[in-house]
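Trainee: got a sequence here, can you model it:
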Amino acid sequence: MFVQEKQESNVPALGLYVHVPFCSTTCDFCAFYQERPSKKGIEEFFLGLELEFERFPGGRDFSTVFIGGGTPGLLSSNQLQSLCRLVRQAGLREECEWTVEVAPSEITREKLDVLAEGGVNRISLGAQTFDPKMMEALGRRHTVEKTLSAYALIRETRAFRVNLDLIFGAPGQTMQMWEADLLRAVELQPDHLSTYCLTFEEDTAMFVRLSEGKVDLDVDREAEFYELAWSMLPDNGYPQYEVSNFSRPGMPCLHNVNTWRMNEWIGYGPYASSQHLGIRRKNSANLQKWASGMARESNPAYEEYVEVGSRDLAGDAILFGLRMNDGVNLDELALRFDIPLECLRSVRTFFGKLMTEGLMKESDGFFMLTQSGRMRCDAIATETPELEVQKL
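Mentor: This next block holds a predicted model:
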């Protein structure tokens, strides 16, 4: 298995993330930091990026790369070539998984050739839906036909593994529409599928509609959407490995898996987050402030900057591990993070309670949520006790 090969390496995994903040339009559901593209803004972005790579080297080769946004694909072919060069200069493992997010409307054969030549081997395509009415409801600016033609073009290059992003739970979406989206996705035979429940984030057009009473939340209906995907996709060759993610055997998103397992990663670009050398930090969500802060004589502009210890990392590894179908092994976590087993006593007790309630099961030392438990994973995460500090 590809994942096991990665995890068996003697060198700890290190991820590299680049946030490209530029979007030509804003989707109605999107709350991510973004900027309208301009010549000056893109020049400022690349200048800041070069300085940030120089200022914050990884210290060892990166095992995964993920370029997201924003819309990285709206960069020109020359700009994508420059971005790939910067990433390669940072130092990559030979077997590095390298993903780039793209929007259907930004794909061209020339750009795909540049990415392939640059070392990219995985594309994540923001399909969201294959229903024209839902495409309009989500505020997407491209057509279903454009999504399909973009997907076909990516496959023609034969250089990439492909993920499709799908959204469910949107206002007006029926179970029949969601089933049709899943079936269409399976027919395309991607290597990976990510299915996200629509969230109503503040400062989005969708949230405004909710606050004005034009759309409603329906938690029970959301559960039905989840359950349909969880039953359909494994039956069609896409086993679930995380609450929202499915893949062909051996083809999960390694960058995300490494992050959920609390390995280290470094984020570059405005709004990017890092977890490296005992520090968690989030860059400023402001292009100019971030870029000027990367100057050697300046202090970087951070929205968050906190120290994290073994207790923090182990606790988060438990919470994120419960989202994964493989679950968590508390003995292994104690050994990995050098934590006395006694510190996990309250967590074990809580897990026993979950098993009694049918929300969790145990197999060969791994604790994993049942389907009923995964449906409540966010609530379970808030109820999971912290590690016993007095034992550290």
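
Trainee: show me the shaky parts of this structure.
Mentor: Flagging of the chain using pLDDT under 70 yields the residue ranges 1-10, 25-33, 140, 200-219, 389-392.

Trainee: walk me through the domains of it.
Mentor: As assigned by automatic domain parsing, the chain contains the domains 2-259, 310-391.

Trainee: quick one, what contacts residue 300?
Mentor: Residue 300 sits next to 55, 283, 290, 293-294 when contact means CB atoms under 8 Å, 6 or more residues apart in numbering. Any C-beta I mention is one placed from the backbone N, CA and C, and that applies to glycine too.

Trainee: give me the buried subset of those.
Mentor: Neighbour counting by 16 or more other CB atoms under 10 Å classes 283, 290, 293-294 among the contacts of residue 300 as buried.

Trainee: ok, of those residues, which one's closest to residue 37?
Mentor: Distance to residue 37 across the buried ones among the contacts of residue 300 (CB to CB) is lowest for residue 290, with 16.2 Å.

Trainee: mind listing what the closest one touches?
Mentor: Here residue 290 is in contact with 48, 269-271, 283-284, 300-301 (CB under 8 Å, 6+ apart).

Trainee: again, but for residue 93
Mentor: 11, 61-63.

Trainee: follow-up on the earlier one: and the domains of the chain: which comes nearest residue 277?
Mentor: Nearest to residue 277 among the domains of the chain is domain 2-259 (7.9 Å), distances taken as CB to CB.

Trainee: quick revisit: closest one of the contacts of residue 300 to residue 254?
Mentor: residue 283 (23.3 Å).

Trainee: residue 291 is in contact with that closest one, correct?
Mentor: No. Between residue 283 and residue 291 there is no contact under CB atoms under 8 Å: 10.2 Å.

Trainee: shared neighbours of these two, anything?
Mentor: residue 270.

Trainee: now do the helices in the stretch 1-150 of the chain.
Mentor: Assigned by DSSP state H, counting those that start in this stretch, the helices in the stretch 1-150 of the chain fall at 2-7, 39-55, 77-89, 109-118, 132-137, 144-157.

Trainee: between all of the contacts of residue 93, which two are separated the most?
Mentor: Pairwise distances across these peak at 10.7 Å for 11 and 62 (criterion: CB to CB).

Trainee: before we move on, the earlier item: closest one to residue 235 out of the contacts of residue 93, please.
Mentor: Distance ranking of the contacts of residue 93 against residue 235, using CB to CB, places residue 63 first at 32.1 Å.

Trainee: number of residues surrounding that closest one?
Mentor: By other CB atoms under 10 Å, the residues close to residue 63 number 25.

Trainee: any idea how far it is from residue 39?
Mentor: Applying CB to CB, to the nearest Å, the value for residue 63 to residue 39 is 34 Å.

Trainee: could you do residue 236 as well?
Mentor: Residue 236 is 45 Å from residue 39, by CB to CB.

Trainee: those two: which is more packed in?
Mentor: residue 236 (15 against 7).

Trainee: taking the buried ones among the contacts of residue 300 one by one, which sit in strands?
Mentor: If you go by DSSP state E, the buried ones among the contacts of residue 300 have residue 283 in strands.

Trainee: which of the buried ones among the contacts of residue 300 fall in helices?
Mentor: Of the buried ones among the contacts of residue 300, the ones assigned to helices by DSSP state H are 290, 293.

Trainee: show me which of the buried ones among the contacts of residue 300 is closest to residue 184.
Mentor: residue 283 (37.1 Å).

Trainee: which ones are touching residue 188?
Mentor: By CB under 8 Å, 6+ apart, the neighbours of residue 188 are 148, 151, 164.

Trainee: residue 370 is nearest to which of the helices of the stretch 1-150 of the chain?
Mentor: helix 2-7 (22.3 Å).

Trainee: how about residue 171, secondary structure?
Mentor: Under DSSP: H, G, I helix; E, B strand; the rest coil, residue 171 falls in the coil class.

Trainee: what about the residue nearest the centre of the chain, distance to residue 109?
Mentor: Nearest to the mean C-alpha position of the chain, by CA atoms, centre = their mean, lies residue 256 at 5.6 Å. Counting by CB to CB, the gap from residue 256 to residue 109 is 28 Å.
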